[in-house]
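Student: Next come a sequence and a model predicted from it.
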Amino acid sequence: MSNSILVIGGGFSGLTAAVEAAEMGYQVYLVEKENYMGGRVAQLNKYFPKLCPPTCGLEINFKRVKTNPNITFYSNATVDAVAGSEGNYDVQITVKPKFTTPQCTAACKGKDVATTEVPNEFNFGLDTRKPVYMPHPMSFPYQCVIDPSVVNTDEGKKIQEALPAGHVDFTQTEEKINLNVGAVIVATGWKPYDATKMDRLQYGKFPNIVTNMMIERMASPSGPSEGKIYRPSDKNPPKTVGFVQCAGSRDKDHLPYCSYICCLATLKQITYLREQSPDTEIVVFYIDIRSPGMKYENFYKKVKADPKVTFIKGKVADVKEGSNGNVVLIAEDTIGGGKVEKEVELAVLATGMQPEGALSPITGIEYDTDGFVVPKAGIIPCGCSKRPVDVVSSAQSSTAAALKAAQVINRRAN
Amino acid sequence: MQTQSIQPDLSFIRNVMQSGGDTVKRCYQCATCSVVCPLSTDESPFPRKEMLWTQWGLAGKVAGDVDVWLCHQCGDCTTYCPRDARPGDVLSAIRLNAIRYYAEPKFLADMFSSPMGVIGAVFLGIILVLAVAGVWAALVSHHAFPFPEETPIEFHNFMSVIPIDVLFLSTVVFVLYVLYNGVKNFWMDISAGANLPKSYSGTYPVPPIGTLVTGYIIPAVQEIIAHSRFKKCGQTADRATGHLYLVLSFIILFIVTNFVFIAEDLFHAALHIIGPVTPMPQWHPVKLAANIGGIMLIVGVFMIKGVRDRLTEKGTLKSSDQDWILIWLIFAVGATGLGSEIFRLTQVKQLAYPVYILHLACVWVLFLSLPFSKFGHLVYRSTAYVFEKWAADVKSGKAGFGLEKSVGSEH
């Protein structure tokens, strides 16, 4: 029996739920799979519709986590299993080693001596990183990480020698932690849907087809190109860009649901492109533009009024290679009539959200057929583990989840 | 703003949904189908627009849409449809309804669209053949009925070609009349649907018969025999081979039947210019052709059935009652035809005559069902092929209103 709350996932939803519960006085354990908190939001360039950078919300939450004594957080840690019932759950956590100590916050000299380069997962493979690295400039905790693959190798030893004594610790091992909590908040979030699965869209075959999350990294000042959106084949800024909406979403063979954010994400990314270069021509292929609410509708209207932006109602169902590395997007223009072929310098697939539950489910948590968490009295999903939502709705559902977790604990006490 | 009111034809929606297009309302108009379709054109892509028109009950729009007939149910659209709305099957259902729409009287269309109706029609055919043969035997030929005494078995002892012609030629006249009206109305509807220019008196241009044959029908028939569009199908290109066997066997059997009709029925039985032509010896080129045609017919049926079974199981296409009715009716015609020949040659009287009667009944039903059942695609799809070429020429100013005559030919 416990009065504490487990929050699985340290993204925007998990952070919000954790601080809300902790500030009500509950003991909170926050477990994050990555080496850093902040999740998908940390990878964004800007939020829609306000177009402010993600540091806005994240830094406040990081500060609340750091200063609240009720929160114990683990990064690079996974929840292996949840067992028990409302008010009484046994949880097993594995904390993986980072092979560094908290003092290791730069590791510059280690990077200099490291020889291997691996794809940088934070930037979706747009660039590479060394096996000793800071996950991203806004990382929290602000601590470098060493890949397990170099531990005790010659390269690893060189890195250790290059860094100040005590910064690297290859003796670290995996740690198992068993907890007993009263309620579990699931905030495991989402992954961008694997674009290679849509065979007709040719992602992975033509270099100048990227995903919307790759655009976020390119546009981000901390990204691989210091904020410049470029086409991968020649690193030049594109003069024509085509957006492919519903790339995987609303499709029984992929994600049968609407991913909710991709329309606004595209509209937002159009503003990046139009700001970057005033003569960029943009074409958006869509089934329906979904911009729910007044704020989003106004955002859509504003982008639609831009004469350089064309909207074509019709899903891209075929892609060909054009000249000079260009990409030809083919759809039926269901309003104008006839098939249209648009040759663009860069094509962006507006891929949807796949919940983590569809990819790496946790034992003891029930999921629906799409991988979203089925709510139980003491197992409370929030954010995108529950359904596809934007950041605002994630924050709201996380606050609600903290309240529900408190109710579960108090109901049992009475 | 222009206001347009729509009169949904609810019975049209219901009929399409009942004849294999039950998934039509799942469509949300993403138009994936029109892009993945290997047969749809850039100017008038299908089947996305047909899905919408059917959802809205726009029966007139669909009736005037030639594109429905340019679809060969490849199934690529169905495979990639994100909503499982199965556009390939819906268009197949639309075609069945279009055949019914242009056929009069409608009760025959209803009869030939249900398996029990077709079995009933075959029974009716048996009774009709027996009645005509019985009357002929009693009044004219005085052979024993229904098993003539003479050996070896010769089918004209049962019923001469004259009463057969009475039965079949009257059916042919009726079928041609129904088809003529159907095709005429179909042509007008698709002319309107394709937005062809009208004359001063408000009529659509019609090609003169000579130009129609040389400029449009012959190229269309060449295209049909080549099966070039069918072979473009992505998911179901295999179907083309079996279908080609059937088409070729029908052509062969059409030619040999007409040879026998002219030589035996006309020159021998009616005009007495020449002696009896049938039964032909097995080495006779016409007999050889007939046997080859009969075997190709049965082989074609089983090829089509095999591919269709496989594709149905895979989910690429659905098969409606009408699909199977046509397949099995053609099989019955081929099997009874070869069966009566084999039993005749082996002198099994008790089987030869009954199988022959069944053969005549099946051929009669297949003939009669032509304007009313899926078999009608033979006429409407061919018309659509012809029209597509004609409409392209009219739209580009090369034909229509006398333009198809070469310049100077009037001088």
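Tutor: Structure's in. What do you need?

Student: where does the residue lying closest to A:G336 once chain neighbours are set aside land in three-state SS?
Tutor: Using C-beta to C-beta, 6 or more residues apart in numbering or on different chains and skipping residues adjacent in sequence, the residue nearest A:G336 is A:I312, 7.5 Å away. No exception for glycine: its C-beta is placed from N, CA and C like everyone else's. Counting by DSSP: H, G, I helix; E, B strand; the rest coil, the backbone at A:I312 sits in strand.

Student: In this structure A:I312 contacts A:V283, no?
Tutor: Yes - A:I312 is in contact with A:V283 according to C-beta atoms under 8 Å; the separation is 6.2 Å.

Student: which residues do those two both contact?
Tutor: A:K342 (C-beta atoms under 8 Å, 6 or more residues apart in numbering or on different chains).

Student: got the contact list for B:A290?
Tutor: B:A290 touches B:I252, B:L253, B:V256, counting by C-beta under 8 Å, 6+ apart.

Student: now, which of those sits nearest chain A?
Tutor: B:I252 (39.6 Å; C-beta to the nearest C-beta).

Student: how far away is the closest one from B:A109?
Tutor: 29 Å (C-beta to C-beta, to the nearest Å).

Student: More neighbours: which of the two?
Tutor: B:A109 (23 against 18; other C-beta atoms under 10 Å in any protein chain shown).

Student: tell me the phi and psi of the more buried one?
Tutor: phi -60, psi -40 (degrees, to the nearest 10).

Student: repeat for the one 4 residues further on
Tutor: Comment: the main-chain dihedrals of B:S113 come out as phi -100, psi 0, following degrees, to the nearest 10.

Student: and it, how far is that from B:V175?
Tutor: 17 Å.

Student: again with A:K66
Tutor: Taken as C-beta to C-beta, the span from A:K66 to B:V175 is 88 Å.

Student: Compare those two (neighbour count), which wins?
Tutor: The residue with more neighbours, out of A:K66 and B:V175, is B:V175; 17 against 11, by other C-beta under 10 Å.

Student: you'd agree the more buried one is in a helix?
Tutor: Yes - with three-state DSSP as the criterion, B:V175 is part of a helix.

Student: how about the residues of chain B near chain A?
Tutor: B:28-36, B:40-45, B:48-49, B:80, B:82-84 (C-beta under 8 Å from any C-beta of the partner chain).

Student: Low-confidence stretches in chain A?
Tutor: When residues are selected by pLDDT under 70, those of chain A lie in A:1, A:413-414.

Student: Could you pick out the residues of it near chain B for me?
Tutor: A:200, A:246, A:250-254, A:287-288, A:314-318, A:330-332, A:334, A:338-339.

Student: again, only this time at 7 Å
Tutor: A:200, A:250-253, A:287, A:314-315, A:317-318, A:330-332, A:334, A:338-339 (C-beta under 7 Å from any C-beta of the partner chain).

Student: most surrounded residue in these?
Tutor: A:E332 leads the residues of chain A next to chain B on contacts (other C-beta under 10 Å) with 31 neighbours.

Student: Just list whatever residues bridge to it.
Tutor: A:K339 (DSSP bridges).

Student: show me what contacts it?
Tutor: A:G314, A:K339, B:A31, B:S34, B:V35, B:P45, B:R48 (C-beta atoms under 7 Å, 6 or more residues apart in numbering or on different chains).

Student: Can you tell me which of the residues you listed comes closest to A:Y300?
Tutor: A:G314 (17.8 Å; C-beta to C-beta).

Student: Quick check: closest non-adjacent residue to the closest one.
Tutor: A:A331 (3.8 Å).

Student: So the one you found versus B:F46, what's the distance?
Tutor: Distance from A:A331 to B:F46, by C-beta to C-beta: 15 Å.

Student: cool, B:E313 as well?
Tutor: On the measure of C-beta to C-beta, B:E313 and B:F46 end up 26 Å apart.

Student: Please apply the same query to A:K176.
Tutor: 61 Å.

Student: These two: who's more crowded?
Tutor: B:F46 (23 against 9).

Student: And the pLDDT for the closest residue to B:W324 other than its chain neighbours?
Tutor: Take B:W324 and drop its neighbours on the chain: the residue closest to it by C-beta to C-beta, 6+ apart is B:P115, 7.6 Å away. For B:P115, the model assigns a pLDDT of 95.

Student: same deal with the one 10 residues further on?
Tutor: Each residue has a pLDDT score; the one for B:G125 is 97.

Student: swap in the one 4 residues further on?
Tutor: B:V129 is assigned a predicted lDDT (pLDDT) of 94.

Student: ok, back up a step: which ones are touching the residue nearest to A:G314?
Tutor: Contacts of A:A331 (C-beta under 7 Å, 6+ apart): A:F285, A:I312, A:G314, A:K315, A:V316, A:A317, A:V340, B:A31, B:V35.

Student: so which residue of the stretch 1-150 of chain A comes closest to chain B?
Tutor: Closest point on the stretch 1-150 of chain A to chain B, by C-beta to the nearest C-beta, is A:F48, at 23.8 Å.

Student: SS state for that residue?
Tutor: coil.

Student: my read: it touches A:I270, true?
Tutor: No - counting by C-beta atoms under 7 Å, A:F48 stays clear of A:I270, with 10.7 Å between them.

Student: Can you report how many residues neighbour B:T151?
Tutor: Quick note: B:T151 (other C-beta under 10 Å) scores 9 neighbours.

Student: No more questions from me, cheers.
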